[in-house]
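Chemist: pasting a predicted model and its sequence here:
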Amino acid sequence: MKFLAYPLVALFTGMFLMAFVSPQEAIENWDVPAKYKEMKNPYAGDQSLEKVGKMMYAKHCKSCHGNVGLGDGAKAASMEAKMTPFNDAKFQAQPDGVIYYQSIIGQEEMPNFEKKIPDEEDRWALINYIRTLK
């Protein structure tokens, strides 16, 4: 019985400490390759893509990130990772290529969307839409 207590204590301690991970730490935990840091958005400011971006967001992102990107979607409570709200100034200050990497390539609990969103223009439409959630 004593041996069961140790893993439970470790589990609850880990969950407790995760509650103190700030949104800024969540941003900094991404190891983004230089290729993406330097990537330019070929559709930056293209408002004609807004409808497509909003549709991509509703289909692929809303369940975790919520209606307006606050990280309060229906699935968010079951996630271990702390989501940075899209209206966070430090999130919005990231280059488009970094947000592309985070949103399309993903890591850990953030899934990869390369196969689900194969069209490059649709991917950038999603990034453009995320930029409006400030």
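Modeler: Thanks, I have the structure now.
Chemist: how far is stretch 121-134 from where the chain is centred?
Modeler: 12 Å (C-alpha atoms, centre = their mean, to the nearest Å).
Chemist: residue ranges with poor pLDDT in this protein?
Modeler: 1-28 (pLDDT under 70).
Chemist: how does it look with 90?
Modeler: 1-30, 45-49, 77, 79-83, 108, 134 (pLDDT under 90).
Chemist: what about L133, how many neighbours?
Modeler: Look at L133: counted by other C-beta atoms under 10 Å, it has 18 neighbours. For every residue, glycine as well, the C-beta is placed using N, CA and C.
Chemist: hmm, I was thinking of K40
Modeler: 8.
Chemist: Y100 now?
Modeler: Residues near Y100, counting by other C-beta under 10 Å: 21.
Chemist: surely it is within a helix?
Modeler: Yes: according to DSSP: H, G, I helix; E, B strand; the rest coil, Y100 belongs to a helix.
Chemist: so it is in contact with K35, correct?
Modeler: No: contact criterion C-beta atoms under 8 Å: Y100 and K35 do not qualify, at 10.4 Å.
Chemist: skipping adjacent residues, who's closest to W124 in space?
Modeler: Closest residue in space to W124, ignoring its immediate chain neighbours: Y43 at 4.2 Å, by C-beta to C-beta, 6 or more residues apart in numbering.
Chemist: cool, thanks, talk later.
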